[in-house]
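# how does the following fold in three dimensions:
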Amino acid sequence: ATAWSLSKAPNVDVTLVDAAPVPGGVVRDGFETLQGRPAEAGQHGFWAEYWNIYELLDELKLEDDPLTGYAQQGQYSPRGLEAVWPVYRDQQRLPTGLAQAAYTKFLKLSPFDLLTAAPLVAAFSEFLDGDDKTA
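Purely as a prediction, here's the structure:
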């Protein structure tokens with residue numbers, strides 16, 4: 001999307017080069033750790049703030065929308081599913097830290113471990129206030 005946006009500027013020629021056999025940088029399927037284990041190197045998602053992606057898709061006039069709707073996300077470890085994040089835009093708006101504490105389902109943390117996060121939640125909630133800092 002960045003190359004597409006730059007190509008719209010007058011007097012700018014853009015050449016996109018990707019040396020990898022599978023284009024997409026580190027956020028692509030097939031990424032491996034240094035030890036050779038398969039890994040997901042990043043999230044595959046386009047949020048509302050990624051206006052350039054949506055403008056590109058509109059310009060392409062695709063017959064079908066290639067994007068799915070928003071969905072909850074899970075975080076896994078070798079012990080299995082550890083936490084589930086909801087679609088925050090579907091929840092009551094709260095300051096970011098408080099929303100993460102209230103709506104995220106931590107499946108394998110003890111009540112004591114959850115309690116130790118309280119100072120961090122308080123700090124985020126105090127530092128980030130205002131309509132543009134809510135989740």
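# which elements pack onto the helix or strand of the chain with the lowest mean pLDDT?
Across the helices and strands of the chain, the lowest-confidence element by mean pLDDT, DSSP states H and E is helix 118-127, at a mean of 76. Judged by 3 or more C-beta pairs under 8 Å, 6 or more residues apart in numbering; DSSP states H and E, helix 118-127 is in contact with helix 96-103. (C-beta placed from N, C-alpha, C; glycine too.)
# which residues does the next helix or strand after the helix it packs on contact?
Downstream of helix 96-103, the first helix or strand assigned by DSSP states H and E is strand 105-106. By C-beta atoms under 8 Å, 6 or more residues apart in numbering, the surrounding residues in contact with strand 105-106 are 82-84, 86, 113-114.
# what about 7 Å?
For strand 105-106, contacts defined as C-beta atoms under 7 Å, 6 or more residues apart in numbering pick out 83-84, 114.
# would you map the strands across this protein?
73-77, 80-85, 105-106 (DSSP state E).
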